[in-house]
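# predicted model and sequence follow; I will ask about them next.
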Amino acid sequence: MKLIMAIIKPFKLDEVREALAGLGVAGMTVSEVKGFGRQRGQTEIYRGAEYTTNMVPKIKVEIVCDDALASRVVEGIQQAANSGAIGDGKIFVLDVGQAVRIRTGETGETAL
């Protein structure tokens, strides 16, 4: 099993969700996060005054899926979240040792 974490722009969430639903992804966790990467923040204009913020709002999407689906999930996220602009985000793929469904006690891929 793989844990896929994607940090994306907030306005891309619906496109990513639709792409993942098309692949058969059964569930995901979505969090509002803030951070920065190479761009080191952004410059905003508020009421005519320019200011710099070093924490950019993003969305973190987390999906656990079986190994066979992982590469298609990564590709789907990459295509849906790509705007061609700086700050489109990152995707991380990690191995998952175990999963347990609390209600039934199912383990492994059946718990997904």
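Looks like it came in fine.
# let's see the strand ranked longest in the chain as CSV, backbone CA atoms only.
Identified as the longest strand of the chain according to DSSP state E is strand 56-65. C-alpha atoms of strand 56-65 as CSV (Å, rounded to 0.1, in the frame of the first residue of the first chain):
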residue,chain,number,x,y,z
VAL,A,56,1.0,30.6,1.1
PRO,A,57,-2.4,28.8,1.6
LYS,A,58,-2.4,25.3,0.0
ILE,A,59,-4.5,22.2,0.2
LYS,A,60,-3.0,18.8,1.3
VAL,A,61,-4.7,15.7,-0.1
GLU,A,62,-3.9,12.3,1.4
ILE,A,63,-4.8,9.1,-0.3
VAL,A,64,-4.0,5.5,0.7
CYS,A,65,-4.3,3.0,-2.1
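# return the set of buried residues in that strand.
For strand 56-65, the neighbour count (16 or more other Cβ atoms under 10 Å) marks 56, 58-61, 63-65 as buried. Bear in mind the C-beta positions are built from the backbone N, C-alpha and C, glycine included.
# same check on stretch 15-27?
So stretch 15-27, judged by 16+ other Cβ under 10 Å, has buried residues 15-16, 19-20, 25.
# where in this structure is pLDDT low?
39-46, 50-52 (pLDDT under 70).
# state which helix of it is the longest.
Ranked by number of residues, the top helix in the chain under DSSP state H is helix 67-81.
# show me what that one is packed up against.
Contact here means 3 or more Cβ pairs under 8 Å, 6 or more residues apart in numbering; DSSP states H and E; on that basis helix 67-81 packs against strand 2-8, helix 13-23, strand 56-65, strand 89-95.
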